[in-house]
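Enquirer: Turn this into a model:
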Amino acid sequence: MTALAPTSGTTAVSLTPTTQTDRQKLSATAKQFEAIFVRQMLASARAVDFGGDDVFGQMDQTFVQMRDERFAEIASQTGALGLAAQIERHLAALLPPEAAPEAGKA
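Expert: A predicted model of the protein is given here:
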């Protein structure tokens, strides 16, 4: 029987559970909120009728929605608008201080 060698494209999977700190959870939640906000903002902007042809013609509404969702995700992950950073900075003051790791544990 021949052993299979891992290819260069495989990734290692860790079986040890990872726990997020409150600050990491706050950061992720703030980014998710920013993405939701940007999606809502884009949807509201598209709802306005300027009385002329749509900028995108008769583009499929599903495609437009998917594009807006992707744009919102990218904007929130890159911090392009800075809303998530402001939310995180403001709410971080309300978090309890994180406990320092114990010297005996590794």
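Enquirer: in the helix or strand of the chain with the lowest mean pLDDT, what counts as buried?
Expert: Ranking every helix and strand in the chain by mean pLDDT, DSSP states H and E puts helix 61-78 at the bottom, with a mean of 86. For helix 61-78, the neighbour count (16 or more other Cβ atoms under 10 Å) marks 68, 69, 72, 73, 75, 76 as buried. C-beta coordinates here come from the backbone N, C-alpha and C atoms, glycine included.
Enquirer: Low-confidence regions, this protein specifically.
Expert: 1-17, 49-59, 99-106 (pLDDT under 70).
Enquirer: Go through it and flag its longest helix.
Expert: helix 22-47 (DSSP state H).
Enquirer: Can you tell me how far residue 95 is from residue 37?
Expert: 22 Å (Cβ to Cβ, to the nearest Å).
Enquirer: same thing with residue 64?
Expert: 18 Å.
Enquirer: same check, this time on residue 82
Expert: As defined by Cβ to Cβ, residue 82 lies at a distance of 12 Å from residue 37.
Enquirer: Which one of those two is surrounded by more residues?
Expert: residue 37 (17 against 11; other Cβ atoms under 10 Å).
Enquirer: Do I have it right that that one meets residue 83?
Expert: Yes - in this structure, residue 37 is within contact of residue 83 by Cβ atoms under 8 Å, at 6.3 Å.
Enquirer: got a list of contacts for stretch 81-92?
Expert: For stretch 81-92, the surrounding residues in contact (Cβ atoms under 8 Å, 6 or more residues apart in numbering) are 23, 26, 27, 30, 31, 33, 34, 37, 38, 75, 76, 79.
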